[in-house]
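A.B. asks: Turn this into a model:
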Amino acid sequence: MINSLQLSQPFLGDIVEICIVTRDHQRTMAGLVKLGIGPWRIYTFDETTVAEQTYRGKSAKYAIKVCFAKAKNVIWEIMQPLSGSTIFQEFLDRHDEGIHHIAFNCDDRPWEARIQEFKSRGFHLIQSGIWMGQNAFAFFDTESETTTVFETYCFPTDFIYPEPEAWFPANPLS
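C.D. replies: Numbers count the residues shown, from 1 in each chain. Coordinates of the predicted model:
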């Protein structure tokens, strides 16, 4: 049932990221580079780089290859699950590869207010963590009602990406 108060008070804000889940991040990056999306920063999100890892409400250990590229005002992300229980592996098992989620800035609301707003609207947290000790991210179970997963994350205003494990196709500063 649609709640008119919720309809009159949107909170998602701007789309800031589109993510593709794949079994082969190299192949997916190469295809997107052909479309002019890149260069790509490549990282591994695991227990050494992501604190407070959760999966479906419980503490979890997982590893994911994560690649980022900026195109205009949107971050493109590629995720390849490597180990552990993740919503990304669930997606591959159910749907195969493709667009998995979109991320919103939630009009720059405080982190806890974002989490609470999703919960108050009936969407449960299904995967989360804190990358590099400062960038919280949270995925919500919106797929059954919207056909995709929604994410929000919070990068500090002074955030600078750490040096990646690798660049694809090459470091733009080289």
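A.B. asks: ok, now how distant is Trp131 from Leu82?
C.D. replies: 15 Å (Cβ to Cβ, to the nearest Å). C-beta here means a position set from N, CA and C on the backbone, and glycine is covered the same way.
A.B. asks: let me redo that: Val149
C.D. replies: Applying Cβ to Cβ to Val149 and Leu82 gives a distance of 19 Å.
A.B. asks: And Glu52, by the same measure?
C.D. replies: Going from Glu52 to Leu82 by Cβ to Cβ gives 19 Å.
A.B. asks: what bits of the protein have low per-residue confidence?
C.D. replies: 1-8 (pLDDT under 70).
A.B. asks: which residues does Arg41 bridge with?
C.D. replies: Following DSSP bridges, Arg41 is listed with bridge partners Phe68, Trp167.
A.B. asks: coming back round to it: mind checking which of Glu52 and Leu82 has more residues around it?
C.D. replies: Leu82 (16 against 11; other Cβ atoms under 10 Å).
A.B. asks: Which parts of the chain are helices?
C.D. replies: 4-8, 25-34, 87-95, 111-120, 143-146 (DSSP state H).
A.B. asks: right, and these - which one's nearest Ile102?
C.D. replies: Distance to Ile102, taken as Cβ to Cβ, is lowest for helix 143-146 among the helices of the chain, at 9.5 Å.
A.B. asks: what comes up buried for the closest one?
C.D. replies: Neighbour counts using 16 or more other Cβ atoms under 10 Å place Glu143 of helix 143-146 among the buried residues.
A.B. asks: starting at the chain centroid, how far to that helix?
C.D. replies: Using Cα atoms, centre = their mean, to the nearest Å, the mean C-alpha position of helix 143-146 is found 17 Å from that of the whole chain.
A.B. asks: what's the answer for stretch 147-162, then?
C.D. replies: Using Cα atoms, centre = their mean, the offset of stretch 147-162 from its chain centre is 7 Å.
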